[in-house]
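>>> Pasted the sequence and its predicted model underneath.
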Amino acid sequence: MVTLGPVGYTVDDKAQESEHPMAHGRITGWATHLPERRLTNHDLAEMVDTSDEWIRERSGIGARHVDGRVSEMSVIASRDALAMAKVDPTDVDLLLLATCTSDQQFPASSSVVQHELGMSCGAIDINAACSGFVYGLVTAMQFAEGGVETILLVGSDALSGITDWTDRSTCVLFGDGAGAVVIQRSADTPTLLGWDLMSDGSAAGVLWCEHGGKIFMNGKEVFRRAVLALEAAATNALAQAGVDIDDVALVVPHQANIRIIDAALKRLGIPLEKAAMVLERTGNTSAASIPLALVDALDHGRVMPNDLVLLVGFGAGMSSAAAVVRWDPPTS
Ligand code: COA
C-alpha cells in the first residue's frame with residue numbers, strides 16, 4: 001500500500017491483481033430531473049452577504065435548483081429512463097436509490113418510488129452521500145452479474161432541505177436533483193472493468209448533518225481530502241481495469257467545486273476538457289451529481305460506443321468511489 005498523504009487515502013498496489021468479477025450490465029436508458037425553483041447567485045446575494053463573483057471564483061457555481069423532494073424527482077427521472085429503455089416498470093427486478101436526504105426517516109424513499117411507478121420488486125436506499133450513485137452502480141452491476149435481469153438505479157438528493165440558508169459558507173454550494181439509469185443484464189462483453197469503493201469514517205465529522213439538523217462543513221478540510229480521495233479512487237479503479245488514464249474518453253467527476261475537480265484531474269494527468277460538467281447550473285446535488293453530468297455528456301454526444309468512461313465521486317463519510325465503464329450503448 002502506498003499512502004498518498006496524511007489523510008490516508010491509499011493506492012492499492014494489488015488492485016491490478018485482484019479478482020473483482022467483470023460485470024455484465026448494460027445501461028439502456030437514462031434521464032434526469034431538476035425541480036422547478038431555480039436560485040441564481042444573484043438571488044443568494046439578496047439572502048446572505050455574498051456575490052456572484054465570489055461564488056463563481058471559489059466554486060464554479062452559477063445557479064442551483066431547490067425545493068425538491070427525493071421521491072418526486074426520482075419518479076420523474078425514472079419514468080423517462082424506463083421509457084427510453086422501453087422497459088415497463090413491472091419488469092424491473094430491483095430498485096436501488098442512492099440518497100442521503102430521504103423524504104422521511106422510514107420507509108426508504110425507494111419504497112415510495114417503487115409504489116409510484118407501479119413496481120413490485122425489491123427496493124433499497126443506499127446512503128453513501130455524494131458517492132452514492134457510484135456505490136449504487138457497482139452494486140447494480142454485481143446484481144446483474146449474479147443473474148438479475150433489469151435494475152433501476154437512481155441518484156437523488158434534496159440538499160436544499162438541510163441547508164442553512166443563513167450560512168454563506170455552505171448555502172452557496174448545494175442544490176437538488178435526480179438522475180436515473182436502467183441497467184439490463186447483457187450476455188456480451190463486460191462493461192464495468194474496474195471499481196473502487198472507499199470510506200474513511202475517521203473524518204466523518206468534517207461533513208455532517210444531524211437528524212432534523214442542517215449541514216455542518218469544514219470546507220477547507222473537505223476540499224483537501226476530496227482531491228486526494230478522487231485521485232486515489234480513480235487510480236485504483238483504473239489499475240484494476242488494467243487501463244491507462246489516457247485510454248479514458250470521458251471523466252464524470254462529482255460536481256462539488258470546479259477547483260476540486262481541476263486539482264484532482266491535474267494530479268491524475270487528465271485535461272479538464274475531458275470532464276463532464278453541469279456544476280455551473282446545478283451546484284452540488286450529492287448523489288444526483290454524477291448521473292446529471294453523465295446524462296448531459298450522453299445527450300451532447302460526448303460518448304461513443306466502446307469509449308471508456310471514468311466515474312469518480314467523494315462525499316460525507318468520507319466516502320469515495322470510482323468505476324471504469326466501457327460504454328456499450330443500447331442497439332436500437
Ligand atoms: N461569499 C463571500 N465570502 C465568503 C463566502 C461567501 N459565500 N463564504 C465564505 N466567505 C469568506 C470567508 O468568511 C472568508 O472570509 P475571511 O477571510 O474574512 O475570514 C473568505 O471568504 C475565505 O473563506 P475560505 O473558507 O478560506 O474560502 P475557500 O477558498 O476555502 O472556499 C469553499 C470555501 C467552501 C468554497 C471551499 O473550501 C470548498 O469548496 N470546500 C469543499 C466543499 C465541498 O465540496 N463540500 C461538499 C463535499 S461533497
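Received, thanks. Owing to the predicted nature of the structure, the values given are computational and were not obtained by experimental measurement.
>>> Next to the ligand in this structure, residues from this structure, please.
Residues of the chain found near the ligand (CB under 6 Å from any ligand atom) are 50, 54-55, 58-59, 130, 168-169, 172-173, 207, 217, 219-220, 222-223, 226, 256-257, 260, 284, 315. Heads up, the C-betas are built off the backbone N, CA and C, glycines and all.
>>> Please pick the buried ones from those residues.
With burial judged by 16 or more other CB atoms under 10 Å, the buried subset of the residues of the chain next to the ligand is 50, 55, 59, 130, 168, 172-173, 207, 217, 222-223, 226, 256-257, 260, 284, 315.
>>> Of the residues you listed, which belong to helices?
Of those, the ones assigned to helices by DSSP state H are Ile55, Ser59, Arg168, Val222, Phe223, Ala226, Ile260.
>>> Farthest-apart pair in these, please.
Greatest spatial distance in these: Arg168 and Ala226, 20.1 Å, computed using CB to CB.
>>> quick one, helices of the stretch 101-250 of the chain?
Using DSSP state H, counting those that start in this stretch, the helices of the stretch 101-250 of the chain run over residues 109-116, 132-145, 168-171, 219-241.
>>> List of residues touching the shortest one?
Contacts of helix 168-171 with the rest of the structure, by CB atoms under 8 Å, 6 or more residues apart in numbering, involve Leu44, Met47, Val48, Asp49, Thr50, Thr163, Asp164, Trp165, Ile215, Met217, Gly219.
>>> Now for the residue nearest the centre of the chain: which residues touch it?
Geometric centre of the chain, nearest residue: Ile290, 3.5 Å, by CA atoms, centre = their mean. Going by CB under 8 Å, 6+ apart, Ile290 touches Phe133, Val134, Gly155, Gly179, Val252, Pro253, His254, Gln255, Leu311, Gly313.
>>> Let me know how buried Asp200 is, in neighbour terms.
19 (other CB atoms under 10 Å).
>>> One more: Asp247?
13.
>>> any idea how far it lies from the ligand?
Distance, Asp247 to the ligand, using CB to the nearest ligand atom, to the nearest Å: 27 Å.
>>> Ok, Met141 next?
23 Å.
>>> next one: Leu308
Leu308 sits at a distance of 25 Å from the ligand (criterion: CB to the nearest ligand atom).
>>> How many residues are close by that residue?
Neighbourhood size, Leu308 [other CB under 10 Å]: 21.
>>> what lines up beside the one helix or strand Val325 maps to in the sheet?
Val325 is part of strand 319-326 when elements are defined by DSSP states H and E. Strand pairing for strand 319-326, determined by DSSP bridges: strand 192-199 (antiparallel), strand 308-315 (antiparallel).
>>> Closest residue of the stretch 151-300 of the chain to the ligand?
In the stretch 151-300 of the chain, the residue that lies nearest the ligand is Gly219 (3.1 Å; CB to the nearest ligand atom).
>>> Need the pLDDT of the closest residue to that residue other than its chain neighbours.
Once flanking residues are discounted, Gly219 sits nearest to Ser169: 6.1 Å by CB to CB, 6 or more residues apart in numbering. On pLDDT, Ser169 comes in at 96.
>>> now Ser169: how far from Cys209?
From Ser169 across to Cys209, the span is 15 Å (CB to CB, to the nearest Å).
>>> pLDDT at Ser160, what is it?
pLDDT, Ser160: 98.
>>> er, Pro330 actually
At Pro330, the model reports a pLDDT of 77.
>>> That'll do, ta.
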